[in-house]
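J.: structure of the sequence below:
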Amino acid sequence: MDATTIISEIASKASAASTTLSTSTRQERDLVLTKIADGLEKNSDLILKANQIDMQNAKAAGISQSLQDRLLLTTKRIMDMAAGAREIAKLPDPLGRVLIERNLDNGLNLKQLSVPFGVVGMVYEARPNVTVDAAVILIKSGNAALLRGSATASESNKVLVDVIRTAFAGSKISQEVVQLIPSDDRSTVSALLTAKGLVDLVIPRGGAELIRSVVENSTVATIETGAGVCHVYVDKSADLSKAIAILINSKCDRPSVCNAAETLLIDQAISDSFTPMALKALAEAGVVINCDLPTKKIADQIAVATKLATEQSWSTEYGDLEINVAQVDGVLEAIAHIAKFGTQHTEAIVAKDADAISKFTTLNDCAAIMVNASTRFTDGGQMGFGAEIGISNQKMHARGPMGLEQMTTTTWIVSGDGQIRQ
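T.: Numbering: from 1, shown residues only. Predicted coordinates for the structure are as follows:
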């Protein structure tokens, strides 16, 4: 069976089943999410065994350490997925919200209501937690889920989807609303992206190359999630001890993810005092440092190993323990550097000066800005969404971490009493 036929059959099943989801009550959907959480905890050993197979195959294939970190499941990560499902179950129903209501002069009543998209495809690489995060968000928001993970996570994803589908037992909602697309054939991605009329929306989640490929080749509407070339700017007014803590957390907490920092910008007014502190802290954390010439001169004086950054360095999303460091002439030059090399994802400023903070938050064009806080807080779970389906750095429909509300669209209900247009 060719890929187009496979996608057509899978999407048709999901579409037919989606009516059982869109007409369900919040209580029915929340019960499924609770059962998913219970199933994840109950089957954690089975999930870990499947993930170990994926990890062994990934290591044998020489996959990078950053992708291996994204692929890896631990007991804690499984428990976090379960906790996220329960948190989403507690959140208000995103469906049927009245966003606008007014009466017109001709007697018509106008309402704008939140409704599901319908059938949503996810294309993602490595991270099996996306299988659960996407499924629970889409179920709660009334959308059928077509999940196309990467071949590297195939064993993990199979077990996770089995756990998810089992949670529908005894429910009026059909388990067919969650579908796992085979990952052993790359052409299923192309077939999914061009299944206009069967699939309502596609969301890519992964590296810059995957996202670009999906956006450029899809005839189905897409929400572009963002590659993360994120910056930490340390202003001359900053508390330097806080700046070090924020820097190390932003870079080292989990360097493989999109909200990790890739560049440190230092106000040259504090270069002599802060740069040695920052370089030593990064080196002690095992971070490879690429830097501009002024920073390298300081690094050589204090015997910290660095490399001169290339033009390409500044726009690179390393996804690993590697960072760029540059000196800038104050907040405006930091903003200019970010505008040139950033990806409109997350930018952080460490400062006390209100004017510097105001300029940074007003002039930076990005999805999220952190003031005296780590870039790692751009995350659905951290922001109270329970989980996220991705982080959008585009400007249409949704921007930043996407949770339940962002997975709905709207419809207009116009109610009258026999009115006709004159």
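J.: from Gly319, how far off is Gly207?
T.: Distance, Gly207 to Gly319, by CB to CB, to the nearest Å: 7 Å. Bear in mind the C-beta positions are built from the backbone N, C-alpha and C, glycine included.
J.: of the two, who's got more company?
T.: Under the criterion of other CB atoms under 10 Å, the comparison of Gly207 against Gly319 puts Gly319 first, with 23 against 19.
J.: tell me how far stretch 60-69 lies from the chain's centre.
T.: Centroid separation for stretch 60-69 versus its chain: 20 Å, with CA atoms, centre = their mean, to the nearest Å.
J.: oh sorry, the question was meant for stretch 57-64
T.: Relative to its chain's centre, stretch 57-64 lies at 24 Å (CA atoms, centre = their mean).
J.: check which helix or strand Lys297 maps to.
T.: helix 293-301 (DSSP states H and E).
J.: now do that helix: distance to the chain's middle.
T.: 36 Å.
J.: for it, give the mean pLDDT please.
T.: Averaged over helix 293-301, pLDDT sits at 97.
J.: put the alpha carbons of that helix into PDB.
T.: Output of helix 293-301 as PDB, limited to C-alpha atoms (Å, rounded to 0.1, in the frame of the first residue of the first chain):
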ATOM      1  CA  LEU A 293      37.800  38.800  19.600                       C
ATOM      2  CA  PRO A 294      37.400  41.000  22.700                       C
ATOM      3  CA  THR A 295      36.000  38.000  24.700                       C
ATOM      4  CA  LYS A 296      38.800  35.800  23.500                       C
ATOM      5  CA  LYS A 297      41.500  38.200  24.700                       C
ATOM      6  CA  ILE A 298      39.900  38.000  28.200                       C
ATOM      7  CA  ALA A 299      39.700  34.200  27.900                       C
ATOM      8  CA  ASP A 300      43.300  33.900  27.000                       C
ATOM      9  CA  GLN A 301      44.300  36.100  30.000                       C
END
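J.: residues in contact with that helix?
T.: With CB atoms under 8 Å, 6 or more residues apart in numbering as the test, helix 293-301 has contacts from 266, 268, 271-272, 275-276, 279, 289, 291, 305-306, 308, 325-327.
J.: if we go to 7 Å?
T.: Contact with helix 293-301 is made by 271, 275-276, 279, 291, 306, 308, 325-327, as judged by CB atoms under 7 Å, 6 or more residues apart in numbering.
J.: after it comes which helix or strand?
T.: In N-to-C order, the element after helix 293-301 by DSSP H and E is strand 307-308.
J.: and the angle from the next helix or strand after that following strand to helix 293-301?
T.: Counting by DSSP H and E, the element after strand 307-308 in chain order, helix or strand, is strand 322-328. Interaxial angle of strand 322-328 relative to helix 293-301 (axes from the mean of the first three to the mean of the last three CA atoms, to 10 degrees): 110 degrees.
J.: and which of the contacts of helix 293-301 is nearest Asp417?
T.: Proximity of the contacts of helix 293-301 to Asp417 was ranked by CB to CB; the top entry is Ala326 with 66.5 Å.
J.: now do the contacts for the residue nearest to Asp267 when sequence neighbours are not counted.
T.: Using CB to CB, 6 or more residues apart in numbering and skipping the chain neighbours, the partner closest in space to Asp267 is Lys236 (4.3 Å). With contacts defined as CB under 7 Å, 6+ apart, Lys236 is in contact with 267, 269-270.
J.: just Met407 next, same as before
T.: Met407 neighbours (CB under 7 Å, 6+ apart): 117, 137-138, 141, 143, 389.
J.: quick one: stretch 351-358 to chain centroid distance?
T.: Stretch 351-358 sits 28 Å away from the centroid of its parent chain (CA atoms, centre = their mean).
J.: chain center to the helix or strand where Leu247 lies, what's the gap?
T.: Using DSSP H and E, Leu247 falls within helix 240-252. Taking CA atoms, centre = their mean, one finds the center of helix 240-252 at 22 Å from the center of the full chain.
J.: mean confidence for it?
T.: Mean predicted confidence for helix 240-252 is 97.
J.: by neighbours, which of the contacts of Lys236 wins?
T.: Within the contacts of Lys236, Asp267 tops the neighbour count with 23 neighbours, counted by other CB under 10 Å.
J.: can you pull the phi/psi pair for that residue?
T.: For Asp267, the backbone dihedrals (degrees, to the nearest 10) come out as phi -60, psi 120.
J.: contacting residues for it?
T.: 234-236, 328, 330.
J.: give me the buried subset of those residues.
T.: With burial judged by 16 or more other CB atoms under 10 Å, the buried subset of the contacts of Asp267 is 234-236, 328.
J.: which one among these gets closest to Ala17?
T.: Closest approach to Ala17 among the buried ones among the contacts of Asp267 (CB to CB): Val234, at 51.8 Å.
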